[in-house]
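**Q** Need a 3D model of the following:
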Amino acid sequence: KKRPRLVNSSLDSGVFSTSSPDNTLPRRRKEVTRRNSHELQKSNSSTSVESQAALRPTHASLFSRRLSKLSTGHLYSQVLQPKFPKPLYFEVPQCHPSTLSGRQWLFHEMREHLSSHLPTNRGVILAGGPGVGKTACILAMVERSCFGGGKPSLIEEVPVSTSSSSIPPSSGENLSLVSSHVVAYHFCQADNAPTCLLPEFVHSISAQMSQAPQLSPYFQLLQSDQTIQARLSLASCNASPSQSLVTGILEPLNTLSSTGKIPASMCIIVVDGLCEAEQHRPDHGDTLASFIARHLQLFPSWLKIVCTVRSSMLHICRVMPFHQISLDNTEADERLNKDLSDYIACRIKVTAETQLSNKMKKNMATKLTRYLVSKACGSFLYVKQILDYIEKGFLVVKAGSFKVLPENLSEIYQLAFNLKFSSSESFNQVSAIFSISLASLQPINLHELFNIFSALFIKTEVGWKDFQERYHLISEFLVMRRDGSVMCFHPTLRDWLVRRREGESTKFLCDIHTGHEAIALSMIRQSKILKPEKVLILTHHILKSNIYKNIGQDIHFAHRELQAYFVSLATDDISLALGCTRNIFSPISKVSRLLLLSG
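**A** All right, here's what the predicted structure looks like:
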């Protein structure tokens, strides 16, 4: 019997439903894909809808040229049982393609440690500041795994001199060796709330683990056991993600392993951005980091975790007995500086016909390399942005002086927006678009963004074509993903738009309250009554918008009473929202209070 192939599908827990990834634009981006199902299990079924669709390329992607249409989820109901778990749809947006430079030593160290008998061999934590390449490393692992087809499309092998490297010549294969053990992956994105929630995490990784060829007995068990399927349903995961993880994943894996149906060979779950999930910390209970740590003792010894976190939030992983690899401790680890130096040298070599090399002599290039490495502190994003602006002619290095160069990512973004917007008035035309995108709990497409933007006006003041022109102006910052939704190209840009450090310029700062207000107004003006889960989301945006808070002293009602009345207009029965599964098992105190006041 042919083993059906699982598909990507976004869950109905966001503000708006996302359009199908078939609706694409010719933009390059990083994405995570899955191998065709016929590669995971051979069969003699030649008429499978799935295998036929998987052979047809649907998009000219830089990082995957074999993406199956099944990844959109539109054939899911035709090939799988209704109760079978569905994985989340993941895509890491990026405005321009780039390769993973260096890092051979990292995958070598990772492989050696995970296969060792040390007490910290249960997992690896990649820690570093923003832009050091944590997500790029995880993407490379997934792309080389069974989910990405094992293609080396993300990797650029930078020559390493044998005199300065202690890694054997075969180290280039370490990435492939480590990636071959990946059985599930998860990318936490703060601006995509479902990726940061425990129920969706458990539900999604169970679906992915059943796809992995290493765990094919788990797929067979899941397919035949309706009880386990019920335990892994999204409703059960919402009620108790801990019980779903233990009884739906860990106990079955331990049983299969003890009976010899699954060999006790290393399997890896990769989780990117544990710090991102902290931005959706619940009032009570675990975050994703504490959830993994609490259940780690129940994991089979052969099931490892590789996760990433920012150095500033490394404390959330303090209870995890994992090996830590720092990607920004450049003072103690010369390998980090060498990776950056190799990247810069590669950029200069590749762009031999551009301004970057024509305007720069060899000694100048050496000085620039030393300067950038010293300022970057391991950040590839910083170095890449600087070289891009030099290459485009926006930055000109003269007489060996580097005073003209931005010293951090904040100054780079300030430069980018100054070049894009000549005045505050020109930025004001797009600031609301940024605010709405930043406030949304999930990435939304342009049509949804336009409808929300229009809700800020009593009468439509900006037409569709004018809105498209405004978006096109900022499309390099708000990148369109493959499913048609838009997202900030990097978390550091999102942070910079919302807040600044003390002493930094507040120019181009976005008011996120405007975004929350626009989403709330758009939802309340819908013709149909909102579902209970949507009422929770509406209440969240009303509270975040601070609407009616500064309405004036001459009003005889408190702003909270006006907000409660606002909520009451969205539904006929507030008790349905109070009693929905998510609010019962993962309540947010402020949301529940406003709902009670509304009823």
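**Q** CA only for contacts and neighbour counts going forward, please
**A** Will do.
**Q** So, low pLDDT: which residues of the chain?
**A** By pLDDT under 70, the weakly predicted segments of the chain are 1-82, 95-99, 149-172, 351-362, 399-400, 552-555.
**Q** How about the spatially most central residue of it: which residues does it bridge to?
**A** Centrality entry for the chain: nearest residue to the mean C-alpha point is Q189, 3.8 Å, by Cα atoms, centre = their mean. Q189 has these beta-bridge partners by DSSP bridges: N192.
**Q** now it: how far from L256?
**A** Using Cα to Cα, to the nearest Å, Q189 is found at 33 Å from L256.
**Q** Equivalent analysis for I390, please.
**A** With distances taken as Cα to Cα, I390 is found 57 Å from L256.
**Q** Next: N329.
**A** 41 Å.
**Q** One more: D333?
**A** 42 Å.
**Q** And V270, by the same measure?
**A** Separation of V270 from L256 (Cα to Cα): 22 Å.
**Q** These two: which has the busier surroundings?
**A** V270 (22 against 18; other Cα atoms under 10 Å).
**Q** Need the contact partners of the longest strand seen in the chain.
**A** Counting by DSSP state E, the longest strand found in the chain is strand 303-310. Outside strand 303-310, the residues within contact range by Cα atoms under 8 Å, 6 or more residues apart in numbering are 114, 121-130, 134-135, 266-275.
**Q** What strands line up against the helix or strand following that strand, and which way round?
**A** Toward the C-terminal end, the helix or strand that comes next after strand 303-310 (DSSP states H and E) is strand 323-326. In the sheet containing strand 323-326, the strands it pairs with under DSSP bridges are strand 123-128 (parallel).
**Q** could you point out which element follows the partner strand?
**A** Next along from strand 123-128, by DSSP H and E: helix 134-144.
**Q** Output the contacting helices and strands for that next one.
**A** Packing partners of helix 134-144 (3 or more Cα pairs under 8 Å, 6 or more residues apart in numbering; DSSP states H and E): strand 100-101, strand 123-128, helix 174-179, strand 182-187, strand 267-272, strand 303-310.
**Q** Just the buried positions in stretch 185-194, please.
**A** Buried residues in stretch 185-194, counted by 16 or more other Cα atoms under 10 Å: 185-194.
**Q** got these as JSON lines, with distance to Y565 columns?
**A** Converted to JSON lines, those look like this (distance: Cα to Cα, whole Å):
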{"residue": "Y185", "distance to Y565": "43"}
{"residue": "H186", "distance to Y565": "39"}
{"residue": "F187", "distance to Y565": "38"}
{"residue": "C188", "distance to Y565": "35"}
{"residue": "Q189", "distance to Y565": "33"}
{"residue": "A190", "distance to Y565": "30"}
{"residue": "D191", "distance to Y565": "28"}
{"residue": "N192", "distance to Y565": "29"}
{"residue": "A193", "distance to Y565": "27"}
{"residue": "P194", "distance to Y565": "28"}
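**Q** L521 reaches F457, doesn't it?
**A** No: the pair formed by L521 and F457 falls short of the contact definition of Cα atoms under 8 Å, at 9.9 Å.
**Q** So what would you say the end-to-end distance of stretch 397-408 is?
**A** 17 Å.
**Q** swap in stretch 110-120?
**A** Per Cα to Cα, stretch 110-120 runs 12 Å from first to last residue.
**Q** Then stretch 88-105?
**A** 31 Å.
**Q** Let the chain start at 43 from now.
**A** All right, first residue 43 from here; so that's stretch 130-147.
**Q** roughly how far out does it sit from the chain middle?
**A** Between the centre of stretch 130-147 and the centre of its chain there are 11 Å (Cα atoms, centre = their mean, to the nearest Å).
**Q** ok, now how distant is A178 from Q456?
**A** On the measure of Cα to Cα, A178 and Q456 end up 25 Å apart.
**Q** do the same with A474
**A** 18 Å.
**Q** same thing with L498?
**A** Relative to Q456, and taking Cα to Cα, L498 is found at 27 Å.
**Q** Apart from its neighbours in sequence, what residue is nearest E449?
**A** For E449, ignoring the flanking residues on the chain, the nearest one in space by Cα to Cα, 6 or more residues apart in numbering is K417 at 6.6 Å.
**Q** Doesn't that neighbour belong to a helix?
**A** Yes: K417: assigned to a helix according to DSSP: H, G, I helix; E, B strand; the rest coil.
**Q** Give me the contacts around stretch 364-377.
**A** Residues outside stretch 364-377 that contact it (Cα under 8 Å, 6+ apart): 147, 155, 162-171, 174, 176, 353, 378-379, 419-421.
**Q** Give me the buried subset of those residues.
**A** Counted by 16+ other Cα under 10 Å, the contacts of stretch 364-377 give 147, 155, 163-171, 174, 176, 353, 378-379, 419-421 as buried.
**Q** what's the helix or strand where P241 lies packed up against?
**A** Secondary structure from DSSP H and E places P241 in helix 240-253. When contacts are defined as 3+ Cα pairs under 8 Å, 6+ apart, helix 240-253 sits against strand 224-229, helix 258-266, helix 276-281, helix 283-287.
**Q** CA-only coordinates of that helix in PDB, if you can.
**A** These are the backbone C-alpha positions of helix 240-253, laid out as PDB (Å, rounded to 0.1, in the frame of the first residue of the first chain):
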ATOM      1  CA  LEU A 240       2.600  24.700  22.100                       C
ATOM      2  CA  PRO A 241      -0.500  23.000  20.600                       C
ATOM      3  CA  GLU A 242       0.600  23.800  17.100                       C
ATOM      4  CA  PHE A 243       4.200  22.700  17.800                       C
ATOM      5  CA  VAL A 244       3.100  19.300  19.100                       C
ATOM      6  CA  HIS A 245       0.600  18.800  16.300                       C
ATOM      7  CA  SER A 246       3.000  19.900  13.600                       C
ATOM      8  CA  ILE A 247       6.100  17.800  14.600                       C
ATOM      9  CA  SER A 248       4.000  14.700  15.000                       C
ATOM     10  CA  ALA A 249       2.900  15.100  11.400                       C
ATOM     11  CA  GLN A 250       6.500  15.700  10.300                       C
ATOM     12  CA  MET A 251       7.900  12.700  12.200                       C
ATOM     13  CA  SER A 252       5.400  10.400  10.600                       C
ATOM     14  CA  GLN A 253       6.900  11.600   7.200                       C
END
